[in-house]
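**Q** curious how this folds, go ahead:
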Amino acid sequence: MALSLMLMSLALMSVLYSFNTTKVNLNATKLQNTADNTAYSVATFAARDFNFKAYTNRASVANQVAIAQMVGLSSWFNMTDQFAQNACTTLCWVPYLGQVLAGIEKAVGTINQVAQPVFEGLIYAEDAILWTLSSSQQVIHYAGMASSIESAGKVVKANDSDARLDLAQNPLLFVDVKDTWISFQKRHSRNPNSKETQFRDFIGVTLASRDPFSKNRTYKLGGIWSMTVFPIRWKTQKTGGSDLIAYDDRQAESWTSMDTISFHLSKFRCSWSGCRWRGYREIPLGWGSTSSDDRADIPREGDRQTWGSSRRINRTASQYAGYAQETRGDYNGVRPFFGLSSSANKKSQTDNIAIVVSKKRNNVGTSSSVQLVGDGLNPAKDEEMLGNRMTALATAQAYYSRPRDLMQITSSWARRDGRHEYGNLYNPFWQTRLTDSTNGERSTVLALTRML
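**A** Okay, the predicted model is just below:
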């Protein structure tokens, strides 16, 4: 009987040790999964925040280009109207032909009168959309920063009702969230004295995103409009384009557009220097220019390359166009936007976002309540827990990566130039991943757990 009691005691101890070990392992695994899910969720907040700003930045560029299109169409219609007027003034005295030209002039003038208010209304609407996009970035920025911490506690409870997100154990979380939302990114605005280039880069991206009509609508007309009949030759040159004018001070930018068409005549003449074609004499046929606000003074702005090189090619017509400038809308320039900060230059991932989740020892569910022979023989007493709690640390980060495996045949999302693309807030390719914690993070959590 004595031997049986000893064997039964050993068997009971073995069962209790196995039970406690299993409970500790299961709870540790569950707690680590809870910490992983929470860290992944907070990092997902960051990735979604970055992607939202990338989408809205792209939308802002698209709406900027839309304003360039409206200004360009306004200028083009004005040029066409002026061309019809000039044609009628010159040729309306010709029988039959004059009646046709008069009808065309009236039709073009009527269309232009109807179209111009439409362009102006669209410019007002696009400017309001740009304000909405810029404001929404601010709202989402601060809402995302606050919600990431608030939601972390909800994720913990949803995964393990006995676990908790002790804020005293999570100073790293607050620091990491601050670094992700405040240090890693920044709201950029117009500041000519700033050494940062992000605002000017945004203007460059906008100009590079213009459609062919807005960027350069300069070409030479063919057929009878451009011919050589010795000893004369002529060409008819159409020029135009839409450009964003930036000023030296803090004044907002302006979208401007100019369209001209001129007839250029050259003669083959001989002189003491020899026989050759002698220059081109310009005869302006039509012109027009439009600005998106009253800040722009087109006769004083731009250079020989602006507006599709209008001033270089159709010099006289460009002067007339400047004098005929019209203003459509009340554009307020490039709005402030969120982009990566200078400290995030050439980075494709954020720093770790660390989460510490804990569970009280009493909630682990071991046999600590069972009284055995002595404290030293109680299996639950042998499972020592620092701070009388079970603690799990997890880290995650948001990272930028262009997807290359979405298409079976071709990598449609890859860069055409094949170059590496660092993280940015123009393309919504931010994703989330769990990461290894650093020695510094583990040491910090260990020290805090000892003190609490």
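**Q** and for H141, the neighbour number?
**A** H141: 18 surrounding residues under other C-beta atoms under 10 Å. C-beta here means a position set from N, CA and C on the backbone, and glycine is covered the same way.
**Q** so it versus Q32, what's the distance?
**A** H141 is 31 Å from Q32, where distance means C-beta to C-beta, to the nearest Å.
**Q** same check, this time on W430
**A** Plainly put, W430 is 25 Å away from Q32 if you go by C-beta to C-beta.
**Q** neighbour count winner among the two?
**A** Ranked by neighbour count (other C-beta under 10 Å), W430 and Q32 place W430 first, with 26 against 16.
**Q** tell me the gap between stretch 122-135 and the middle of its chain.
**A** Remark: stretch 122-135 is offset 16 Å from the chain centroid, using C-alpha atoms, centre = their mean, to the nearest Å.
**Q** what mean pLDDT does that stretch get?
**A** What stretch 122-135 shows for mean pLDDT is 96.
**Q** tell me where this structure is predicted with low confidence.
**A** Applying pLDDT under 70 to the chain picks out residues 5, 9-23, 363-388, 404-413.
**Q** can you give me the helices in it?
**A** Counting by DSSP state H, the segments of the chain that form helices are 2-91, 97-159, 171-178, 198-208, 212-215, 306-313, 315-323, 379-382, 439-451.
**Q** please identify the most buried of those helices.
**A** Of all the helices of the chain, helix 306-313 carries the top mean neighbour count, a mean of 22, counting by mean count of other C-beta atoms under 10 Å.
**Q** just the residues contacting that one, thanks.
**A** 216-218, 237, 239-243, 256-260, 262, 289, 302-305, 317-318, 321 (C-beta atoms under 8 Å, 6 or more residues apart in numbering).
**Q** just the ones of those residues in strands?
**A** With DSSP state E as the criterion, strands contain 237, 239-243, 256-260, 262, 289 from among these.
**Q** looking at the residues you listed, which is nearest I283?
**A** S262 (6.3 Å; C-beta to C-beta).
**Q** which residue sits closest to the closest one, ignoring its sequence neighbours?
**A** N314 (4.2 Å; C-beta to C-beta, 6 or more residues apart in numbering).
**Q** what separates that neighbour from F263, distance-wise?
**A** For N314, the distance to F263 - C-beta to C-beta - is 10 Å.
**Q** shared neighbours of these two, anything?
**A** Common neighbours of N314 and F263 (C-beta under 8 Å, 6+ apart) are E282.
**Q** of the two, who's got more company?
**A** Each of N314 and F263 has its neighbours counted (other C-beta under 10 Å); N314 has more, 31 against 19.
**Q** wait, L425 sits on F338?
**A** Yes - counting by C-beta atoms under 8 Å, F338 is a contact partner of L425 at 6.1 Å.
**Q** do you know how far D201 is from Q349?
**A** Using C-beta to C-beta, one gets 21 Å for the distance from D201 to Q349.
**Q** what does G423 give?
**A** Distance, G423 to Q349, using C-beta to C-beta: 7 Å.
**Q** swap in Q169?
**A** Distance from Q169 to Q349, by C-beta to C-beta: 25 Å.
**Q** also G204?
**A** 25 Å.
**Q** and for A28?
**A** Applying C-beta to C-beta to A28 and Q349 gives a distance of 28 Å.
**Q** for S75, what are its contacts?
**A** Contact partners of S75, counting by C-beta under 8 Å, 6+ apart, are G240, S242, S257, M258, D259, G288, S289, T290, A321.
**Q** can you put the ones in strands among the contacts of helix 306-313 in a markdown table and add distance to N362?
**A** Below are the ones in strands among the contacts of helix 306-313 laid out as a markdown table (distance: C-beta to C-beta, whole Å):
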| residue | distance to N362 |
| --- | --- |
| Q237 | 88 |
| T239 | 82 |
| G240 | 79 |
| G241 | 75 |
| S242 | 71 |
| D243 | 71 |
| T256 | 73 |
| S257 | 74 |
| M258 | 79 |
| D259 | 80 |
| T260 | 85 |
| S262 | 90 |
| S289 | 79 |
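**Q** what's the closest of the residues you listed to A59?
**A** Using C-beta to C-beta, S242 is the member of the ones in strands among the contacts of helix 306-313 that lies nearest A59, at 19.0 Å.
**Q** the closest one contacts T256, doesn't it?
**A** Yes - assessed by C-beta under 8 Å, S242 is found in contact with T256 at 7.1 Å.
**Q** now D436, what are its backbone angles?
**A** Main-chain torsions, D436, degrees, to the nearest 10: phi -80, psi 140.
**Q** that one - how many residues pack around it?
**A** Applying other C-beta under 10 Å, we find 8 residues neighbouring D436.
**Q** Y399: neighbour count?
**A** Neighbours of Y399 under the rule other C-beta under 10 Å: 18.
**Q** which residue packs closest to it, ignoring adjacent ones?
**A** In this structure, Y399 finds its nearest non-sequential neighbour in Q349, 3.8 Å apart by C-beta to C-beta, 6+ apart.
**Q** how close does the one you found get to D36?
**A** Q349 is 18 Å from D36, where distance means C-beta to C-beta.
**Q** list the residues that contact F202.
**A** Applying C-beta under 8 Å, 6+ apart, the residues near F202 are N57, V61, H188, V334, F337, G339.
**Q** in JSON lines: those residues, plus distance to C270.
**A** Formatted as JSON lines, the contacts of F202 follow (distance: C-beta to C-beta, whole Å):
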{"residue": "N57", "distance to C270": "61"}
{"residue": "V61", "distance to C270": "55"}
{"residue": "H188", "distance to C270": "62"}
{"residue": "V334", "distance to C270": "55"}
{"residue": "F337", "distance to C270": "62"}
{"residue": "G339", "distance to C270": "62"}
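**Q** got the contact list for stretch 216-226?
**A** Residues from elsewhere that reach stretch 216-226 (C-beta under 8 Å, 6+ apart): 72, 76, 234-241, 259, 308-310, 313.
**Q** which two from those residues end up farthest apart in space?
**A** Maximum pairwise distance in the contacts of stretch 216-226, criterion C-beta to C-beta, is 27.0 Å, between G72 and W234.
**Q** what's around the residue nearest to Y399, how many residues?
**A** The number of residues packed near Q349 is 18, by other C-beta under 10 Å.
**Q** with R419 instead?
**A** 6.
**Q** likewise for R190?
**A** 19.
**Q** all strands for the stretch 251-400 of the chain, in order.
**A** 254-271, 274-291, 326-327, 337-340, 353-360, 389-400 (DSSP state E, counting those that start in this stretch).
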